[in-house]
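Visitor: Can you look at this prediction? I've put the sequence above it.
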Amino acid sequence: MPSRVAAVIVLAAGEGTRMKSATPKVLHRLGGRTMLGHVLAAAEELAPEHLLVVVGHGREQVTAALTGKARAVVQETQDGTGHAVRVALDSLEHLEGTVLVVPGDAPLLTAATLRQLVDAHVSSEAATTLLTARVQDPTGYGRIVRDATGVAAVVEHKDADEQTRQIDEVATSVYAFAAGPLREALGRLRTDNAQGELYLTDVVGMHRTAGLGVGAQVAVDPDEVRGVNDRVQLAQLARILRDRIVEQHQRDGVAFLDPHTAWVDADVVLEPDVTIAQNTQLHGETVVRRGAVVGPDTTLTDCEVGAGAAVLKSHATGARIGEQASVGPFTYLRPGTVLGPRSKAGAYVEVKNSDVGEDTKLPHLAYVGDATIGARSNIGAGTIVVNYDGRAKHRTTVGDDVRVGSNNSLVAPVTLEDGAYTAAGSAITEDVPAGALAVAREKQRNIEGWVARKRPAAGEKKS
């Protein structure tokens, strides 16, 4: 069955000078995606036959950010929204059906609202259907001018007189068009306006003059259609998006102890009965399984947290934390870390590119890098895996049921076989056989009378 949407055209060619950034405006991020990424995600849910992104300023960066079926179309000169849509349509021959036009800087727009717009457009058989919103402050937006029969015109703010500027219903730069009438009207656009540009909004007037149907669908949530012109607005929309994401997770069975201090990216997966404590940030493609507790004061990026695990006051990137494992406080898990079920990476522990077996404990004050540690082993406080010789990284292997004493240095490459023990304070530079005790330290000797001879003041009693 063909898609009800022939094409979605995303307008992403603008420079966004008010952002004051070398990064193209549509590539600024919130909720774990670029603004453009949020728009494309919503558009893709409609399964359009074509998904075109009109690029201009920073075209190489914007094009490189496209995913899925999105395809870039270059607008060599930014001559207005009408020109941008014309450029996109020129790349699609013999297109028929509904064409949806959306801005690339409206990251709160949802697929549900776009579907409502398409439904209204198709059912009314209109040539143009606008998505509109009623807002408290319409400054900068094109105003919707209505008469007894419907939408009469869209007047840009800079071209509006004072009476028109009092209208609170505004155009959102989101449109549904019938492809044929749209193409014909775009060919007749003129630049006789304040900006000297080809306005897409003028298509509305053309269709109205030609006696074609022009309809409007008012967005239920006006926040959805808010755009971004500067970093203040970007931060405002980020907070709205944060609240939306957190609320949805709450409705799906996740407990947030302080929702206003939790930041969760759009692609994060949280299963029911997860608890998120205060000041927690979950980024990227992080997944937290049922019954786990994360936070407070924790940041996870692209991590997986197993069912029933606990992560407290820690930072992790690219780590897999097993079921009922315990992490923190003040723990740093770097990419490639895999903690087995019921394992522990305790206070002030750093782990990198290492596999830690089930029921194995790294209780505190340890660095483990490029290592494989078996099940039920214990790594003593102050232990360091010495994995770098100044030129290359080397791997350490620790077997099952191994006890590594406190303040050990395991100098890679080295293997501690199953059941081995090492004495506290040892520098292990050779393999340790199964069941053996390795002692790698100088034998202690006591020098009697040394303090009295060398530090006589230290031996005096203080009055």
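Guide: Sure thing, it's come through. Numbering: from 1, shown residues only.
Visitor: contacts and neighbour counts: CA atoms only from here.
Guide: Fine.
Visitor: how far out from the middle of the chain is the lowest-mean-pLDDT helix or strand in the chain?
Guide: Least confident element among the helices and strands of the chain, by mean pLDDT, DSSP states H and E: strand 150-155 (a mean of 84). Centroid displacement of strand 150-155 relative to its chain, using Cα atoms, centre = their mean, to the nearest Å, is 38 Å.
Visitor: Show residues contacting stretch 383-395.
Guide: Contacts of stretch 383-395 with the rest of the structure, by Cα atoms under 8 Å, 6 or more residues apart in numbering, involve 365-372, 396, 404-414.
Visitor: Could you give the average pLDDT over it?
Guide: Here stretch 383-395 scores 96 as its mean pLDDT.
Visitor: Format the CA atom coordinates belonging to it as CSV.
Guide: C-alpha atoms of stretch 383-395 as CSV (Å, rounded to 0.1, in the frame of the first residue of the first chain):
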residue,chain,number,x,y,z
THR,A,383,45.6,-2.4,43.2
ILE,A,384,46.7,-1.2,39.8
VAL,A,385,46.7,-3.1,36.6
VAL,A,386,49.8,-1.8,34.8
ASN,A,387,48.6,-2.1,31.2
TYR,A,388,50.8,0.4,29.4
ASP,A,389,54.6,0.1,28.8
GLY,A,390,54.9,3.5,27.1
ARG,A,391,54.3,2.1,23.6
ALA,A,392,51.5,-0.4,23.7
LYS,A,393,48.7,-1.7,25.9
HIS,A,394,49.0,-5.3,27.3
ARG,A,395,46.3,-7.6,28.7
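Visitor: Can you list the buried residues in that stretch?
Guide: 383, 384, 385, 386, 387, 394, 395 (16 or more other Cα atoms under 10 Å).
Visitor: Please apply the same query to stretch 310-323.
Guide: Buried residues in stretch 310-323 (16+ other Cα under 10 Å): 310-323.
Visitor: Now, those that are in strands?
Guide: For the buried residues of stretch 310-323, the ones inside strands are 310, 311, 315, 316, 317, 320, 321, with DSSP state E as the criterion.
Visitor: In contact with the closest residue to residue 262 other than its chain neighbours, which residues?
Guide: Leaving aside its sequence neighbours, residue 262 sits nearest to residue 280 (Cα to Cα, 6 or more residues apart in numbering; 5.0 Å). Counting by Cα under 8 Å, 6+ apart, residue 280 touches 261, 262, 263, 294, 295, 296, 297, 298, 299.
Visitor: close enough to count as contact, residue 231 and residue 17?
Guide: No: counting by Cα atoms under 8 Å, residue 231 does not reach residue 17; the two are 11.0 Å apart.
Visitor: Looking at these two, which is more packed in?
Guide: Ranked by neighbour count (other Cα atoms under 10 Å), residue 231 and residue 17 place residue 231 first, with 15 against 12.
Visitor: Skipping adjacent residues, who's closest to that one in space?
Guide: Per Cα to Cα, 6+ apart, closest to residue 231 is residue 19, 5.9 Å.
Visitor: Could you count how many residues lie near the one you found?
Guide: 18.
Visitor: Of the contacts of residue 280 - the most surrounded one?
Guide: residue 294 (27 neighbours).
Visitor: how about the residue nearest to residue 137 when sequence neighbours are not counted, what does it touch?
Guide: Residue nearest to residue 137 in three dimensions, not counting chain neighbours: residue 168, with 7.3 Å by Cα to Cα, 6+ apart. For residue 168, the contacting residues are 134, 135, 136, 137, 138, 143, by Cα under 8 Å, 6+ apart.
Visitor: so how far is residue 432 from residue 168?
Guide: Noted for residue 168: a distance of 78 Å to residue 432, by Cα to Cα, to the nearest Å.
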